[in-house]
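In: can you look at this prediction? I've put the sequence above it.
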Amino acid sequence: MRILWVVVCVVLIFPFCVQAQRGWHAGLKGGISVPKLRAPSSSTNSYSDGFQTVVGPQAGLIAEYRFNSLFSLQSEFNYSTQGGEKNGDQRIRTTDFKAYIPVGVNLPQYLYGNFNNKISLVYLELPLMAKFSFPLSNKYRLAVYGGPYAGYLIKAEGEASGKSKIYTDPQKTTELKYNGFALGEVDFTRKEDIIDQLSKNNFGLQGGTSIEYATGRINYFFAVGGNYGFKRLQKDPNFGNNKTGGLAISLGLTTKL
C-alpha cells in the first residue's frame with residue numbers, strides 16, 4: 001500500500017512541479033488488454049494452473065514531461081482488465097462438499113470435475129516510466145518506455161458454468177458417493193464476488209514501445225506494451241499462486257500544454 005501512495009503522490013504532484021517549464025504534454029488512450037494469469041513453473045497446484053487469456057478493455061490518462069526531444073518522464077492512470085478462463089478439467093476443494101462426506105471418511109484435499117471457470121479482475125494502475133524517443137522523420141518517431149507501476153484491485157468476480165459429475169481422482173474413474181450412491185451431475189453455474197479472497201494491492205514493471213505521428217500540437221500514437229506483476233494474487237496459497245500481467249495494445253493522443 002505504501003508503494004501505491006508514493007506513486008499516487010508523484011502522479012498528482014509532478015505536473016505542478018513542472019508546469020512552469022516547457023515540454024509538458026497530456027493525453028488519453030484506449031485499447032485492449034490481453035492478460036495472462038501466470039503460475040510459477042514449479043507450481044503443482046492445478047486448482048489455479050491452466051488459465052487461458054481473455055481479452056478485455058483498457059483505457060488511461062497520460063501525463064508526460066519532455067526534457068528534450070530524446071528523453072521524457074511519463075505517468076499514467078489506467079483502468080485495466082485482467083483475468084483468465086479455464087475450461088474442462090477443474091480441481092475442486094473437498095471442503096465444498098463436506099456435507100456429502102460421511103464422518104471418518106478420509107479424502108484428498110481436492111476433488112475433480114469437468115466444467116468452465118472464468119476469473120474477471122479490474123485494476124486501477126499507476127505507472128511512472130522513463131521514455132526514450134528516436135526520430136524516424138520530421139513527423140514520425142519511435143519511442144520505448146518502462147518503469148515501475150502500482151495497482152489496486154477494484155473488482156473481482158468468479159464465474160462458473162456447466163454440470164459435472166464429481167470424482168475423487170484426477171483420472172475421473174471414481175465418483176464421489178453419498179450413502180453409497182454416486183451424486184450424479186452437479187450444476188456449477190454461478191457468479192460470485194471473490195475480491196475478499198485476493199490481494200488488493202499489486203506492483204511490478206510496465207513498459208512498451210510506440211510509433212508516434214506529430215501534427216502541430218497533437219501527437220497520435222499506436223502502442224504495444226505490457227506489465228508484469230510481482231505479487232501473488234491469492235491471499236491463501238491453497239487457492240493458487242498466480243500473478244497478473246500481460247499484453248496491452250492501444251491507440252491514443254497527447255497534446256502540448
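Out: That came in fine, so what should we check first? Numbers count the residues shown, from 1 in each chain.
In: can you give me the buried ones in stretch 201-218?
Out: Of all the residues in stretch 201-218, those buried under the rule 16 or more other Cβ atoms under 10 Å are 202-208, 210, 212, 214. C-beta coordinates here come from the backbone N, C-alpha and C atoms, glycine included.
In: between all of those residues, which two are separated the most?
Out: Farthest-apart pair in these is 202 and 214; separation 34.2 Å (Cβ to Cβ).
In: any weak-confidence spans in this protein?
Out: Under the criterion pLDDT under 70, the flagged ranges of the chain are 1-22, 38-49, 100-105.
In: show me the strands in it, by range?
Out: Assigned by DSSP state E, the strands in the chain fall at 24-35, 56-66, 71-93, 110-135, 140-161, 163-164, 177-178, 181-182, 186-187, 190-193, 201-215, 218-229, 245-256.
In: quick one: stretch 135-145 to chain centroid distance?
Out: 29 Å (Cα atoms, centre = their mean, to the nearest Å).
In: now residue 145: how far from residue 223?
Out: 9 Å (Cβ to Cβ, to the nearest Å).
In: list residues touching both of these two?
Out: 208-210 (Cβ atoms under 8 Å, 6 or more residues apart in numbering).
In: in JSON lines: these, plus distance to residue 158.
Out: What follows is those, written out as JSON lines (distance: Cβ to Cβ, whole Å):
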{"residue": "208", "distance to residue 158": "30"}
{"residue": "209", "distance to residue 158": "34"}
{"residue": "210", "distance to residue 158": "34"}
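In: quick one on the thing from earlier: and which of the buried residues of stretch 201-218 is nearest residue 150?
Out: For the buried residues of stretch 201-218, the nearest to residue 150 is residue 203 (5.0 Å; Cβ to Cβ).
In: where's the closest one relative to residue 69, distance?
Out: Residue 203 is 31 Å from residue 69, by Cβ to Cβ.
In: residues in contact with the closest residue to residue 135 other than its chain neighbours?
Out: With sequence-adjacent residues excluded and distances taken as Cβ to Cβ, 6 or more residues apart in numbering, residue 135 is closest to residue 141, at 4.8 Å. When contacts are counted by Cβ under 8 Å, 6+ apart, residue 141 touches 133-135, 211-212, 214.
In: those residues: which two are farthest apart?
Out: 134 and 214 (13.5 Å).
In: of residue 145 and residue 223, which one has the most company?
Out: residue 145 (22 against 18; other Cβ atoms under 10 Å).
In: contacts only, for the more buried one.
Out: For residue 145, the contact set (Cβ under 8 Å, 6+ apart) comprises 74, 129-132, 207-210, 225.
In: I'd like to know how many residues surround the nearest residue to it once chain neighbours are set aside.
Out: The shortest distance from residue 145 to any non-neighbouring residue, by Cβ to Cβ, 6+ apart, is to residue 131 (3.9 Å). By the measure other Cβ under 10 Å, the count of residues near residue 131 is 21.
In: state the distance from residue 131 to residue 68.
Out: 12 Å.
In: residue 214: what's it in contact with?
Out: 139-141.
In: quick one on the thing from earlier: adding distance to residue 99, write the strands of the chain out as CSV.
Out: Output for the strands of the chain, formatted as CSV (distance: least, Cβ to Cβ, whole Å):
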stretch, distance to residue 99
strand 24-35, 35
strand 56-66, 36
strand 71-93, 13
strand 110-135, 13
strand 140-161, 19
strand 163-164, 18
strand 177-178, 9
strand 181-182, 15
strand 186-187, 12
strand 190-193, 17
strand 201-215, 35
strand 218-229, 37
strand 245-256, 38
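In: which residue sits farthest out from the middle of this structure?
Out: residue 180 (43.9 Å; Cα atoms, centre = their mean).
In: now that one, what are its backbone angles?
Out: Dihedral angles of residue 180 (phi, psi; degrees, to the nearest 10) stand at phi 90, psi 0.
In: so the residue positioned nearest the centre of the chain bridges to which residues?
Out: Nearest to the mean C-alpha position of the chain, counting by Cα atoms, centre = their mean, stands residue 82 at 3.2 Å. Here residue 82 sits in beta bridges with residue 121, as judged by DSSP bridges.
In: fine by me, we can end here.
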